[in-house]
Every structure is written in structure tokens, then in C-alpha cells.
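> Following is a predicted model, sequence given first.
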Amino acid sequence: MKNFVVKTIANAGALAVAVWLLDKITLTGDSTGRKIGTLIVVALIFGLVNIVVKPVVKVLTFPLFVLTLGLITLVVNALMLLLTSWLADKVDLSFHVEGFWTAVVGGLIISVVSWALNVVLPDED
């Protein structure tokens with residue numbers, strides 16, 4: 001359970017960095033507490049998308065992974081971020097990613113920051 005909480009916080013931090021760096025990834029709210037709450041819920045959605053949908057997409061696109069030597073991962077990560085944005089819109093959260101290329105760059109930022117935070121944060125179950 002502790003590992004799940006740590007990973008969710010790392011994802012929320014990575015999403016916050018992407019929102020801060022990219023103008024076309026938006027998070028709106030009337031207070032800082034509301035923004036933090038939205039980030040945590042979006043991080044949960046992002047984690048669920050990565051647990052449920054991403055493995056299926058990776059299996060279905062395996063030949064592309066081999067053909068592109070793994071560069072298709074950037075596209076898959078972008079699609080997962082766009083799916084998260086769409087799901088956040090459906091549950092009325094104020095998180096939006098505008099456009100595919102923004103999602104590619106945002107996915108790259110989130111991957112790097114999440115990796116760095118997972119290295120620093122404790123990894124216990």
C-alpha cells in the first residue's frame with residue numbers, strides 16, 4: 001500500500017512539472033488545495049490507465065516496438081496522457097492536454113520526472 005501511495009505522489013509531481021513547463025497542458029482551480037487534489041486524482045487515473053490500457057497497447061503494437069527500436073514508446077506514452085486527459089474531462093476534472101505533440105513532450109517530461117522521483121522516494125511495500 002505504501003508503494004502505491006509513493007508512486008501516486010511521484011506521478012502527481014511529474015504531472016505538476018509537465019503542467020508547469022508546458023502551456024498547453026492546463027490545470028485550473030480556484031485554490032492551491034483544489035489543484036493539488038485534482039493532480040492527485042489525475043495521477044490515480046494516469047496510473048490506472050498505465051496499469052490497464054498500456055500493456056494491451058504494447059502487446060498489440062509489439063511489431064512497431066521492434067521496428068522502431070522502442071521509439072514508439074513516446075507515441076504510446078502520449079496516447080496514455082491523452083486518454084487520461086479525456087477521462088479527466090469525463091469525470092469533470094480541470095486537467096486538459098491540448099494536441100498530440102504536446103502530449104508527446106508531456107509524456108517525455110512525465111516519464112523522466114517520475115523516474116527521478118521514484119529513484120529518490122522510498123520503495124517499500
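Sure thing, it's come through.
> CA atoms for contacts and neighbours, from now on please.
OK.
> and the lengthiest helix in the chain, what other elements does it pack with?
Secondary structure of the chain per DSSP state H: the longest helix is helix 32-60. Here helix 32-60 touches helix 2-21, helix 72-90, going by 3 or more C-alpha pairs under 8 Å, 6 or more residues apart in numbering; DSSP states H and E.
> Let me have those in a markdown table, extended by distance to P122.
Shown next, in a markdown table, are the helices and strands packed on helix 32-60 (distance: least, C-alpha to C-alpha, whole Å):
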| stretch | distance to P122 |
| --- | --- |
| helix 2-21 | 8 |
| helix 72-90 | 24 |
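> Make CSV from the ones you listed and add distance to L121, mean pLDDT and mean neighbour count to it.
Formatted as CSV, these follow (distance: least, C-alpha to C-alpha, whole Å; pLDDT from 0 to 100; neighbours: other C-alpha atoms under 10 Å):
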stretch, distance to L121, mean pLDDT, mean neighbour count
helix 2-21, 7, 89, 19
helix 72-90, 22, 94, 19
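> still on that earlier bit, identify each buried residue in the longest helix of the chain, please.
Residues of helix 32-60 classed as buried under the neighbour-count rule (16 or more other C-alpha atoms under 10 Å) are 35-36, 38-47, 49-50, 54.
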